[in-house]
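Colleague: everything below, folded, please.
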Amino acid sequence: MRMLAGLGVALVLAAVGYADSTRNAGLGEVANCLRGGGAKVELSPMLREAAPWKELVGRRGSGVYEIELGGDRGTLLRVGRDVGAKQLQAVLDAEGARVTAQSSGRILALWYGRPAAGSAAALNRCLH
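Modeller: Numbering: from 1, shown residues only. Now for the predicted structure:
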């Protein structure tokens, strides 16, 4: 019986560790997927400190990637857990028509202008 309980605890710990690692790897996985689809994707740590990105990545910070796919350019980031919907909307409103937002969960792409249908579809494939 003790062995079965120990195995159960080990399985729970493994599942929690797996869930935590996949949550943290999400942004990198999207970046790698885009690279695999022909996009140029570069980690851009300096943008992380610039507004409005600094407001979106939250207190813990996150990687910020510059993406270029076809003729479309944008920024890919993970929105911080401490960033609420109102704060996100305020940043998007401040950027106005200069950016088009595309997201899944906390991963957000801000395209400069409106992306081509092919670029938006490629990102959607990578987000899901």
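
Colleague: what's the next secondary structure element after the lowest-mean-pLDDT helix or strand in the chain?
Modeller: Each helix and strand of the chain was given a mean pLDDT (mean pLDDT, DSSP states H and E); the minimum falls on helix 2-36 at a mean of 56. As assigned by DSSP states H and E, the chain's next helix or strand after helix 2-36 is strand 40-43.

Colleague: strand partners (parallel or antiparallel) of that following strand?
Modeller: Strand 40-43 sits in its sheet next to strand 64-69 (antiparallel), going by DSSP bridges.

Colleague: so how far is the helix or strand following the partner strand off the chain centroid?
Modeller: Per DSSP H and E, the first helix or strand lying C-terminal to strand 64-69 is strand 72-78. Here the centre of strand 72-78 is set off from its chain's centre by 9 Å, with CA atoms, centre = their mean, to the nearest Å.

Colleague: in the chain, where is pLDDT below threshold?
Modeller: For the chain, applying pLDDT under 70 flags the ranges 1-25, 45-53, 59-61.

Colleague: spatially central residue in the chain, please.
Modeller: For the chain, the residue nearest the mean C-alpha position is Ile107 (2.8 Å; CA atoms, centre = their mean).

Colleague: so what pairs up with that one in the strands?
Modeller: In this structure, Ile107 bridges to Arg78, Ser104 when assessed by DSSP bridges.

Colleague: beta partners of the nearest residue to Asn32 once chain neighbours are set aside?
Modeller: Excluding the flanking residues, the one nearest Asn32 by CB to CB, 6 or more residues apart in numbering is Val41, at 7.9 Å. No exception for glycine: its C-beta is placed from N, CA and C like everyone else's. Assessed by DSSP bridges, Val41 has beta-bridge partners Ile67.

Colleague: no further questions, thank you.
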